[in-house]
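In: just need the structure, nothing else, for what follows:
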Amino acid sequence: MTPGIPGFTPRFPGVTLERLQAWLPTIITAVLAVVAALVLLAVMSRLLHRLAPRVHWYVVGFPLMRIRMRLSWRHLCLNADLTGTDRPTTGQLGPLVVKGRPIMPVLPLLTRIRPRTFGATAVILLHPGQIPEPFVNAAEAMSHAWRVHAVRVDPRQRGRVRLTILTADPLTTNHRDDPADWATGPTPASAAGTPHSGREAAIEEAASTAPTVVTGAGTTAVPGDLAANVGHREDGRPWVIDLVTFPHWLITGATQSGKSTLINAAVARWATRPIALVGIDCKGGMELAPHAPRLSALATDRAEAADVLAQLVTETQQRMRLCRQHGARNIWQLPPALRPVPVIVVVDELAELYLVASRADKDEALRATTNLLRLAQLGAALGVHLVVAGQRVGSDLGPGVTALRAQLAGRICLRVNDEETVDMTLGDLYPDAVEAAQQIDPAAKGIAVTTASEAGWIRARSVYLPPETLDTVINATAHLAPRLSGLTPPNP
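Out: Predicted structure coming up:
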């Protein structure tokens, strides 16, 4: 018993009321100092986030997210059924076979958590017998547990899955580039002779940088000239439409979804390269008319489109004979002096080629669509590439649409008005991308779900190119438009 305080028994020997009263000012001072330090750190963190968000992410944001990932990993694996076991789940009990769940589940290893400007990347090492599908299905649970915008799961590597962790949606702002950057082309040396093993990095460098101005015709094209940087992807990397990786592209998008903006960005990039551009716009040329000075030919109705496509088929047959004479399997194996100019055919509103209203229209449509399909089948190795766009692509347009779609490996789906168009665009290659395309916000222009060689599919957003910038680029590169045999350049 402590003298003077009846009934008081100290919990710690040697601690008396007098000592507690002597320590009280020191304790209060220490608590206030800790609170002041925490408030100061919070204020400094907010100020750092406002002035230097990237530094804030690496110094504050990523360490906190890494702690959340480590602390929640066990509960996440148990609740989402992501665990494995090192013991069999069946056993022999006399003549009976007993089945059950493992009593001691083994967690997959979450490793290689690395910060990135867009968030982080990580790797999950699977146990023997595990498959990636549960991890793909648990992507939403991971994003909620780690308090991030989204988690993308890439299951293509054997025995592991790669995670791309996005802290925010990088597609919420519409970027505008400097107009001066659009009047320049890539350094030919950076793309020529690039092996496929390092092609991804070379494509991004050639498509996103523009150190050399293309000043005249006669320059020999290289494979890197077919890569056009048209925007940015949700993982922070440039969005590149590469006609070497995917020779032909299908673009679908409703009115005011950003389809024309995307085509303008791609044409503006290709206009600075030694490439022939051919336009087919059966709506009277309204959409592709601004590109006319740089086009080698422009068809404004179905009859003209049928003639242009037929002449391009003849061109591919001539290139085929040229490659056969020199033992080349594609035009890029030909000597530079003999290499024909690559041709990119931009088809705006595909449905106008297929829809018929009379018997005469049927014969005309059949001629045009048959030649379009032949170009899709033969043109990849011969330097003739298709970029086909439309508001709607459905089976009601005819069986030829499905045959054409099978040849268009590159897919871009912006916001559309019906589910069938999404299925026709993405469903045959990436069924899991259909839901992502259906969730595109109508208020956000230019957002699309697109083919990506290293990730299967990914969300991206095209850059906005003002009309005056497009006119500047087209007029500055009009002298680069090559003459193609049998085709008449459009009237200025």
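
In: where does the record place the domain boundaries for the protein?
Out: When the chain is parsed with automatic domain parsing, its domains come out as 51-82+106-166, 179-190+199-480.

In: between the two ends of the shortest one, how far is it?
Out: End-to-end span of domain 51-82+106-166 (CA to CA, to the nearest Å): 21 Å.

In: equivalent analysis for stretch 345-358, please.
Out: 27 Å.

In: can you list the residues that contact it?
Out: 263, 267, 277-283, 287-288, 291, 302, 305, 309, 312, 362, 365, 368-369, 372, 375, 384-393, 397-398, 400-401 (CB atoms under 8 Å, 6 or more residues apart in numbering). C-betas here are computed from N, CA, C, even on glycine.

In: same check, this time on stretch 307-316
Out: 278, 280, 297, 299, 343, 345, 367-368, 371-372, 374-375, 378-379, 382, 384, 484-487.

In: may I see the buried residues of it?
Out: Asp307, Val308, Leu309, Ala310, Gln311, Leu312, Val313, Glu315, Thr316 (16 or more other CB atoms under 10 Å).

In: and the third one, what pLDDT?
Out: Per-residue confidence (pLDDT) for Leu309: 94.

In: quick one: it from Gly486, how far?
Out: Distance of Leu309 to Gly486, computed by CB to CB, to the nearest Å: 11 Å.

In: what does the second one give?
Out: When distances are taken as CB to CB, Val308 and Gly486 turn out to be 9 Å apart.

In: related to what we said a few turns ago, highest average neighbour count across the domains of the chain?
Out: domain 179-190+199-480 (a mean of 19; mean count of other CB atoms under 10 Å).

In: quick one: end-to-end length of stretch 270-287, please.
Out: 17 Å.

In: between the domains of the chain, which gets the lowest average pLDDT?
Out: domain 179-190+199-480 (a mean of 84).

In: residues in contact with Thr121?
Out: Residues near Thr121 by CB under 8 Å, 6+ apart: Arg112, Ile113, Arg114, Arg162, Leu163, Thr164, Ile165.

In: what's the distance between the first one and Val123?
Out: If I follow you right, that is Arg112. Applying CB to CB to Arg112 and Val123 gives a distance of 4 Å.

In: same deal with the fifth one?
Out: Computed as CB to CB, the Leu163 to Val123 distance reads 7 Å.

In: please apply the same query to the third one.
Out: Distance of Arg114 to Val123, given as CB to CB: 9 Å.

In: same thing with the last one?
Out: Distance, Ile165 to Val123, using CB to CB: 12 Å.

In: part of a strand, is Thr314?
Out: No - counting by DSSP: H, G, I helix; E, B strand; the rest coil, Thr314 is not found in a strand; it is helix.

In: so where do the strands sit in the stretch 101-250 of the chain?
Out: 109-116, 119-125, 150-154, 160-166, 227-233, 238-242, 249-252 (DSSP state E, counting those that start in this stretch).

In: what does the longest one contact?
Out: Going back to what we said before, that points to strand 109-116. 57-58, 62, 66, 69-70, 73, 120-125, 236.

In: dump these to JSON lines, plus distance to Leu426.
Out: Below are these laid out as JSON lines (distance: CB to CB, whole Å):
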{"residue": "Trp57", "distance to Leu426": "32"}
{"residue": "Tyr58", "distance to Leu426": "35"}
{"residue": "Phe62", "distance to Leu426": "33"}
{"residue": "Arg66", "distance to Leu426": "34"}
{"residue": "Met69", "distance to Leu426": "30"}
{"residue": "Arg70", "distance to Leu426": "35"}
{"residue": "Trp73", "distance to Leu426": "32"}
{"residue": "Ala120", "distance to Leu426": "27"}
{"residue": "Thr121", "distance to Leu426": "25"}
{"residue": "Ala122", "distance to Leu426": "26"}
{"residue": "Val123", "distance to Leu426": "27"}
{"residue": "Ile124", "distance to Leu426": "26"}
{"residue": "Leu125", "distance to Leu426": "30"}
{"residue": "Gly236", "distance to Leu426": "22"}
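
In: which one of these is nearest Pro431?
Out: Distance to Pro431 across these (CB to CB) is lowest for Ile124, with 22.4 Å.

In: isn't that closest one right up against Arg160?
Out: Yes - using CB atoms under 8 Å, Ile124 is in contact with Arg160, at 6.3 Å.

In: which one's the longest helix in the protein?
Out: helix 17-51 (DSSP state H).

In: which strands and helices sit next to that helix?
Out: helix 53-56 (3 or more CB pairs under 8 Å, 6 or more residues apart in numbering; DSSP states H and E).

In: chain center to the helix or strand that the helix it packs on is followed by: distance?
Out: Downstream of helix 53-56, the first helix or strand assigned by DSSP states H and E is helix 62-79. Between the centre of helix 62-79 and the centre of its host chain there is 27 Å, according to CA atoms, centre = their mean, to the nearest Å.

In: how about stretch 157-164?
Out: 18 Å.

In: ok, residues contacting it?
Out: Applying CB under 8 Å, 6+ apart, the contact partners of stretch 157-164 are 118-119, 121-126, 132, 135-136, 142, 151-155, 235, 455.

In: mind listing what Asp423 touches?
Out: Shown in contact with Asp423 (CB under 8 Å, 6+ apart): Val434.

In: all helices in the stretch 101-250 of the chain, in order from the N-terminus.
Out: 133-137, 139-146, 188-191, 199-208 (DSSP state H, counting those that start in this stretch).

In: center of this structure, which residue is that?
Out: Ile458 (3.9 Å; CA atoms, centre = their mean).

In: confirm that Leu298 sits in a strand.
Out: Yes - judged by three-state DSSP, Leu298 forms part of a strand.

In: that older thread, ok so the residue nearest to the centre of the chain is a strand residue?
Out: Yes - judged by three-state DSSP, Ile458 forms part of a strand.

In: isn't it up against Gly236?
Out: No - between Ile458 and Gly236 there is no contact under CB under 8 Å: 10.9 Å.

In: find the residues that touch each one of these two.
Out: By CB under 8 Å, 6+ apart, no residue touches both Ile458 and Gly236.

In: what's the closest non-adjacent residue to the residue nearest to the centre of the chain?
Out: Ala452 (4.5 Å; CB to CB, 6 or more residues apart in numbering).
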